[in-house]
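> Just a sequence and a predicted model for now, questions to come.
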Amino acid sequence: MTENILHFTPKAELDAETNLAGFIDVCRHQLTVFGTDLPFDEMVWDVTDACARKGQGTKRERITFCTLNSAGMFNPTPMLASFSDFAKAYIRYMHGMRPVVSLGSRIAALRALSVALAEHGESTSPTAVNSETLNRAAQLIKAKFSKAMAYRNGRQLELISTFMNEHKLTTAPIRWRNPIPRPTGGTRVGAEFDQKRTEKMPTHAALDALPKIFRSASEPADILTSSIAAILCASPDRINEVLLLPLDCEVTQPQPDSKEDAYGLRWWPAKGADPMVKWVVPSMAGVVKEALERIRHLTAHSRAVATWYEVNPHRLYLPEKLSALRTQEFLSMHQVADILWGHHETKGVSLAWCKTHGVKLVRQGKTLWARFSELEEAVVKQIPKGFPYLNREQGLKYSTALFVVPLNFFHSRKATYIPLIEPVVISHINDALGARIEHGQASIFSKFGFTENDGSPIQVTTHRFRHYLNTLAQAGGLSQLDIAKWSGRKDIHQNEAYDHVSASEMVMTIRQAVGNDELAYGPLASLPKYLPIARDEFARLKIQTAHTTDLGYCIHDYSMMPCQIHRDCINCEEHVCVKGDEAKLAHLRLQLDEARQLLQKARDAAKDEYVGGDRWMQHHQLTVSRLEQLHDIMQNPDIPIGAVIQLSNVRSPSRLGQSTENITENLPAISVDKDEDTPPMALLRDLFAD
């Protein structure tokens, strides 16, 4: 942020109302966040200049201080007057101190708190906020939003309460924590996982239809949409990253061990990672090259228009064939249509356009004429805001951007402009992929007659391709670091949200490793001698199921019996790990540290002769040894990423076996004479005697 930020410091001797008034006054009159001309008292703030998001084009970013239930309505209900000033001050202050890309969660938490105060009845002043109102606000959030969004909004509510408490803006101190639980992840089976997977991934029908559309599309908008879909299917990109690709985005690099050069694209990651080159898998390189060639052809005219306006910022762009019109003072309605849309329109269309855009008409006899100078001024006014930069942070100009098109390029009923341009934005592509099919807007799937298997319309969002490719990478054994780099992430832990590998896919991965010493390490790598059935059939019988654990995957068949050593996975012969999963490696290191601490405590207990101390020491020694062995394997550079690992010599007896072992160890020694009956046999004869 370039604005000067003022830190508000409450005066300890003042009461909460005075502190609140002082805070609002500072934020209203002294802060410059969102601009010095911010209409503080208005219900709606336009904060596009401060919060514009990539890939949104000319879409405006607005904050509406309305009630929770009226958010998104055409005529929203204003927030409580007694609360709205605090909400506005808080939003402005916090965006200066802790700016975020999206303000949605902050404003949602404030809206919920406003409703909770109104229901409280006694006072609607922010100074009346307490644990009761915060709990009610959390209930409202939980009822209105999805689990993930409710958790995020609840976290913002907690930040509000902390801020108010630290700055003494309430009549009583607040100690409050967000009660909305963070959604749990990791489940791989059941209807809940299947539904989540379906919502995040493109359907088979969509993946089957897109290549056919890519080959048969003839309309410019369909060609562009299918070409973008092809790029998204080649690497796990965010759509706003694709839409900000420069014209010269392609990169080739010679490969020492291959006749073909490596092929990739220059990217500017959207969420903090450094600018990078994303390499395209060879099987998709040809498709991406063809897609880019189509896109360049469709967008070449718009880049020429952008170049014209860079050199001639106040002059109307005219095609070469219409350049003579520049010397005319007056234009007929047909000539106006030729300049704007490149073809004759009815007089009424040109007349309506001139009236709408303030171009005065001059009547000469029975004919209406428009002055060229006024038409020129009206058109130049519609050049996109921020021109010549499409993205100033990236240094990307319209004249060098790949995705710049004529205005109304995606509109099905309006004519496409010749002298005006616009960027391709996320809504253009999502709408073309079926986002508004329920509102009557055709998608590329419906245009070509493709539907889901049940006849319902196909609907895909651009982000589903990213989930799809990340899941393929996870199933293929690509390391978490490589997946994060390939996806343009700063943190490998963000991979988890994109991992939708199903239980059946896990099973297939482990089955493929059975009997293959290149894919597996440990007992799974070797088959029994003289195996009477084929390897794949043996693998199918041996590996029937799999589910995720903290360290790897459990292949125990629960249809036969429950787990006999619940949560002691490192000492279980039915547990496997996959090298390359950084999240599970972090869990392994944590467990190893804890196990070493427990071993030291067990040693101390055995030294002090606590009952059973020696048994616990032996158990922890074995656990530490196996964790260290597994950690060494995971760190071994000679073992490839994706290898399935099962520890050797793991002995995990059943509960009956453990009981037998304990009884045997505790029985007293018995002396046996060869010439006499053993005491147990003598006892049995007496027992069965007449």
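Structure received.
> Give me the pLDDT value at residue 525.
Note on residue 525: pLDDT of 51.
> repeat for residue 657
The model's pLDDT for residue 657 equals 52.
> got any ranges where the stretch 451-600 of the chain has weak pLDDT?
Where the stretch 451-600 of the chain drops to pLDDT under 70, the residues are 470-547, 557-561, 564, 566-567.
> That should have said the stretch 201-350 of the chain, apologies.
Residues of the stretch 201-350 of the chain that meet the cut-off, pLDDT under 70, sit at 269-274, 344-346.
> Which stretches in it count as helices?
Using DSSP state H, counting those that start in this stretch, the helices of the stretch 201-350 of the chain run over 204-216, 220-232, 239-242, 282-311, 333-341, 347-356.
> Of all the ones you listed, which one comes closest to residue 321?
The minimum distance between residue 321 and the helices of the stretch 201-350 of the chain falls on helix 333-341, with 8.9 Å, by CB to CB. C-beta here means a position set from N, CA and C on the backbone, and glycine is covered the same way.
> which of the residues in the closest one are buried?
333, 335-341 (16 or more other CB atoms under 10 Å).
> got it, and stretch 165-182?
165, 167-170, 174, 176, 178, 180.
> Keeping just the C-alphas, turn that stretch into PDB.
C-alpha atoms of stretch 165-182 as PDB (Å, rounded to 0.1, in the frame of the first residue of the first chain):
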ATOM      1  CA  ASN A 165     -10.900  -5.800  22.800                       C
ATOM      2  CA  GLU A 166      -7.400  -4.600  22.200                       C
ATOM      3  CA  HIS A 167      -8.600  -1.100  21.300                       C
ATOM      4  CA  LYS A 168     -11.100  -0.900  24.200                       C
ATOM      5  CA  LEU A 169     -14.100  -0.400  21.900                       C
ATOM      6  CA  THR A 170     -16.500  -2.500  24.100                       C
ATOM      7  CA  THR A 171     -17.900  -1.800  27.500                       C
ATOM      8  CA  ALA A 172     -16.600  -5.100  28.800                       C
ATOM      9  CA  PRO A 173     -13.400  -7.100  27.900                       C
ATOM     10  CA  ILE A 174     -13.900  -9.800  25.300                       C
ATOM     11  CA  ARG A 175     -12.200 -13.200  25.200                       C
ATOM     12  CA  TRP A 176     -13.700 -15.000  22.300                       C
ATOM     13  CA  ARG A 177     -12.600 -17.700  19.900                       C
ATOM     14  CA  ASN A 178     -14.200 -18.900  16.700                       C
ATOM     15  CA  PRO A 179     -16.400 -21.900  17.500                       C
ATOM     16  CA  ILE A 180     -16.900 -22.800  13.800                       C
ATOM     17  CA  PRO A 181     -14.700 -25.900  13.200                       C
ATOM     18  CA  ARG A 182     -12.300 -26.000  10.300                       C
END
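> Need the contact partners of that stretch.
For stretch 165-182, contacts defined as CB atoms under 8 Å, 6 or more residues apart in numbering pick out 8, 10, 12, 14-16, 19-20, 23, 86, 126-131, 134-135, 138, 141-142, 150-151, 153-155, 157-158, 161-164.
> And residue 58, what's its pLDDT?
pLDDT, residue 58: 60.
> ChimeraX command to pick out the buried ones of the contacts of stretch 165-182?
Per 16+ other CB under 10 Å, the buried members of the contacts of stretch 165-182 correspond to this ChimeraX selection:
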select :8,10,16,19,20,23,86,126,127,128,129,130,134,138,141,142,150,151,153,154,157,158,161,163,164
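> Out of the contacts of stretch 165-182, which sit inside helices?
In this view, the contacts of stretch 165-182 that belong to helices under DSSP state H are 16, 19-20, 23, 86, 131, 134-135, 138, 141-142, 150-151, 153-155, 157-158, 161-164.
> Which parts of the stretch 1-150 of the chain are strands?
44-46, 62-64 (DSSP state E, counting those that start in this stretch).
> which one of the ones you listed lies closest to residue 419?
Across the strands of the stretch 1-150 of the chain (criterion: CB to CB), the nearest stretch is strand 44-46, sitting at 27.0 Å.
> Figure out how far the closest one is from the centre of its chain.
27 Å (CA atoms, centre = their mean, to the nearest Å).
> For that strand, list every residue counted as buried.
By neighbour count on 16+ other CB under 10 Å, the buried set for strand 44-46 is 45-46.
> Partner strands of that strand, with direction?
According to DSSP bridges, strand 44-46 has the following sheet partners: strand 62-64 (antiparallel).
> and the strand it pairs with, how far out from the chain's middle?
The answer for strand 62-64 is 23 Å, by CA atoms, centre = their mean.
> Start from the N-terminal end of the stretch 551-690 of the chain and give the strands.
553-554, 575-578, 644-645.
> Can you say which of the ones you listed is nearest to residue 416?
Of all those, strand 575-578 comes closest under CB to CB, at 51.5 Å.
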